[in-house]
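# Mind folding the following:
(chains A and B)
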Amino acid sequence: MKKIFISSTGVRSGQSLAAWCVGEMLRSQGLRVGFFKPFVTRPVLQNGRIIDKDALLMKEYFNLPEDLSLLCPVVPEEVPGDEVAREEQLMRIEECCEKVQKEKDALIIMGSEKIFYEPDSPYLPDGVLVNKFNAPVLLVDKFQNENMSMYSVLAIDSFLKDKVKFVFVNQIPLERMDTAYNKLVPFFQKRGAPMIFLVPQDRILTSLTVRNIVDIIQGEVLTGENRLENLVESTSISSSHLKGSLHLFRRIYNKIILLGLEADALNTHLISSKVTGVLLTGGRRPAPIIVNTCGDLGIPLAVTPFDTFVTMEKIQKQQTHITDKDVYKLKRFIQLLGGDEAIQKIVTQLDELYKF
Amino acid sequence: MATKILVVDDDELVLIALEALLSPNGYEVTTAINGDDALGKINKKKFDLMILDILMPGMNGFELCEKVRALDEYKGVPIIMLTAKSGPDDKKRGMEMGANLFLPKPIAPQHLIDLIKKSLE
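Below you'll find the model as predicted:
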C-alpha cells in the first residue's frame, strides 16, 4: 500500500486542499484511497463530540466507511502531555491507522501544521509521525519569498533525512511567479529532489460561491436560482442610512451586499447587474420592489434569519476552510498544479518510491 | 559593513538552507563542514555570530563551542546551537560550554531570523 504524508510549513498554507488533491489524483488512477489524520487541528462540534473538519471532508468526499474517531483519533489537550502520555498517544495513533488502511491501496496521512519545532505544542511533531509511518512527504509551503521557501524545504528535508519528495509552494503572487519559477525550479531540479510545484494565488481558491453562502447562512433563495454558482470575492454591508456609500456599490463587481433590517425601496439604487447577489439579514421579507429589481436583473436574492453581524461572521469563518461542497476549488487547484501532467508526475514518482 | 555569521554543520543541506535564508537578509555567511574547518576559518576572519550543529564527526559542537569561547576575541560573540539533539541534558551541556541559545531543528525561518537579530542587539 502506498502512503503519503502531507505536511506544511505553517498555518493556512493550503494543506487541506493539497491533501484532498493528492487523494483525488490517486483515486483517478483507480486506487482505493484512505485518509488518516492523527490530531484534530480543525475542531468542530458534531452531535456532542469533537470531530475534525478535514476528516469530515475526506470521509464524505471519498465515501469512507470508517468512523471519524478512527480517521482522526486524538483531540489534543491544551497542556502538552508528559513522555508517558505521548507514548500512549502514539500507540492509539498506530492502532487507528492500522484499521483505516484496511482494504485501501493508498493512504493520505495529514500532519498538524507543526513541522517546525514549537515549544509547548500539544501535538506530536510531524517529524516524529513521518518517521513512525515511514512515508514519503509532500510539503505544502505558503510562499513568503523564494529564500524562505528554499530554506524551509532544505531544512525540513535534512531533518527528515530526504523523505520530502514533493513540494507545493502555494499562494505565490502572480507578479512573483516568474521570479519564483526561475529561482526555485532550477535550484531543486539541479539537486534532483524534491519534485516542486508552484501554485499562484488565485481568486477562485479564495472565493465562495453564492450557493456556499446561502447554505451556511441557512438562506432562502427568492430570485436568481440559476446564478448561485457565481463566485463572490468580497462582501459589503449596506443600510438605507448609508446613502452616501450606495453609489460605490454600483461600481464594484462580484459583491454580496447584505441589506439590514431597514431594507426598502431606497436600497434598489445599489442593485445593478454587476452585483453577484443580495442577502437580506434579520429574517425580514423584502419589499416587492427589491424582489422585482433582483428578479429582473437575474441576481440571486436570499433572506437569512441571522442578523448582519452573525451572517458576516459565518461567511468569514467559511472562507478559512474547505468542505466537500468546494469541488470547484479542488478542480481549480489540480489545474493550477499542472492538470493531468502534474497528476502523472506525482503518481509515477509514488509508484517509483513503492516499487521495491 | 555586513554582519558576519559562521555556520557549522556536517550536513551540506543545512548549510545551503541557512545561507539561502540569511544572505538575502543582509548577513555575510561563511560555512564550515566540521569543527576543524570552522577553527581554520575563525583564525582568518572575525565573525559576529556563530551557528553550530552538535552532532558532527570528529570534534562535536560542544567541543567546538568550548574552544571558541576560550579565544579572547570570541568571549562576547553570540553562539547559537541549532541541533536535532535537543534533550534537556544536551541543552544544559550546551549552555555550560558557552552557547547563548539552544534551538531544536527544524526551526521556522522567521523565528530564526528574529532570534539572530535579538542575539546581535
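# what about the helix or strand hosting B:E19, near chain A?
B:E19 belongs to helix B:12-22 when assigned by DSSP states H and E. Yes - when contact is scored as C-beta under 8 Å from any C-beta of the partner chain, part of helix B:12-22 falls within range of chain A: B:13-14, B:16-18, B:20-21. All C-beta atoms are positioned from the backbone trio N, CA, C, and that covers glycine.
# of these, closest to A:D82?
Distance to A:D82, by C-beta to C-beta, is smallest for B:V14 among those, at 30.3 Å.
# For that closest one, give me its contacts.
A:154-155, A:158, B:7, B:53, B:105 (C-beta atoms under 8 Å, 6 or more residues apart in numbering or on different chains).
# Repeat that for B:V8.
B:31-35, B:37-38, B:50-53, B:56, B:61, B:64.
# need the helices for chain A, in chain order.
A:15-27, A:53-61, A:68-71, A:83-100, A:126-133, A:146-159, A:177-191, A:203-206, A:210-216, A:243-250, A:288-297, A:308-318, A:327-337, A:339-353 (DSSP state H).
# Which of the ones you listed sits closest to chain B?
Closest to chain B of the helices of chain A is helix A:146-159 (C-beta to the nearest C-beta; 3.6 Å).
# Report the next helix or strand after the one helix or strand in chain B whose mean pLDDT sits lowest in sequence order.
Here the helix or strand of chain B ranked lowest by mean pLDDT, DSSP states H and E is helix B:88-96, holding a mean of 88. The helix or strand immediately downstream of helix B:88-96 is strand B:101-104, counting by DSSP H and E.
# From the contact counts, what lies against that following strand?
strand B:79-83, helix B:88-96, helix B:109-120 (3 or more C-beta pairs under 8 Å, 6 or more residues apart in numbering or on different chains; DSSP states H and E).
# Tell me which of these approaches chain A most closely.
Using C-beta to the nearest C-beta, the helices and strands packed on strand B:101-104 put helix B:109-120 closest to chain A, at 4.8 Å.
# what does chain A have sitting close to chain B?
When proximity is defined as C-beta under 8 Å from any C-beta, chain A approaches chain B at A:9-10, A:115-117, A:127, A:144-145, A:147-148, A:150-159.
# cutoff 10 Å now
A:9-10, A:115-119, A:125-127, A:144-162, A:183, A:187, A:191 (C-beta under 10 Å from any C-beta of the partner chain).
# Which strands border the longest strand along chain A, and is each parallel or antiparallel?
With secondary structure taken from DSSP state E, chain A has its longest strand at strand A:164-172. For strand A:164-172, the pairing partners within the sheet under DSSP bridges are strand A:137-142 (parallel), strand A:195-200 (parallel).
# So for that strand, what gets flagged as buried?
Buried positions in strand A:164-172, judged by neighbour count with 16 or more other C-beta atoms under 10 Å in any protein chain shown: A:164-172.
# which one of these is nearest chain B?
Nearest to chain B among these, with distances taken as C-beta to the nearest C-beta, is A:V164, at 10.4 Å.
# List the contacts of the closest one.
Going by C-beta atoms under 10 Å, 6 or more residues apart in numbering or on different chains, A:V164 touches A:5, A:7, A:115, A:130, A:136-139, A:152-154, A:156-158, A:193-195.
# Please pick the buried ones from these.
A:5, A:7, A:115, A:130, A:136-139, A:152-154, A:156-158, A:194-195.
# Please give the number of neighbouring residues around B:D114.
When neighbours are defined as other C-beta atoms under 10 Å in any protein chain shown, B:D114 has 11 of them.
# let me redo that: A:V40
Neighbour tally, A:V40, other C-beta under 10 Å: 22.
# What residue, apart from its backbone neighbours, is nearest it spatially?
Counting by C-beta to C-beta, 6 or more residues apart in numbering or on different chains, A:V40 lies nearest to A:D52, which is 4.3 Å off, once chain neighbours are set aside.
# for the one you found, which residues make a bridge with it?
Under DSSP bridges, the beta-bridge partners of A:D52 are A:P43.
# what about it, neighbour count?
For A:D52, using other C-beta under 10 Å, the count is 25.
# One more: the one 5 residues further on?
With neighbours defined by other C-beta under 10 Å, the count for A:L57 comes to 24.
# What separation is there between the residue lying closest to it once chain neighbours are set aside and A:D215?
Closest residue to A:L57 apart from its sequence neighbours, by C-beta to C-beta, 6+ apart: A:D324 at 5.3 Å. Distance, A:D324 to A:D215, by C-beta to C-beta, to the nearest Å: 12 Å.
# Equivalent analysis for B:K91, please.
The value you get for B:K91 to A:D215, if C-beta to C-beta is used, is 51 Å.
# The two: which is more packed in?
B:K91 (18 against 15).
# List the residues that contact that one.
B:81, B:83, B:85, B:99, B:101-104.
# Among these, which one lies nearest to A:V310?
Closest approach between the contacts of B:K91 and A:V310, by C-beta to C-beta: B:P104, at 42.7 Å.
# what helix or strand is the residue nearest in space to the middle of chain B on?
By C-alpha atoms, centre = their mean, the mean C-alpha position of chain B lies nearest to B:I51, the distance being 1.2 Å. B:I51 belongs to strand B:49-52 when assigned by DSSP H and E.
# Double-check A:R92 against A:V75; I have them as touching.
No - using C-beta atoms under 10 Å, A:R92 makes no contact with A:V75, being 11.1 Å away.
# Check the contacts of B:V8 one by one and keep those near chain A.
Within these, nothing lies near chain A by C-beta under 10 Å from any C-beta.
# Filter the residues you listed down to the buried ones.
Among these, those classed as buried by 16+ other C-beta under 10 Å are B:31-32, B:34-35, B:37-38, B:50-53, B:56, B:61, B:64.
# if we take these, which one ends up nearest to chain A?
B:D53 (10.3 Å).
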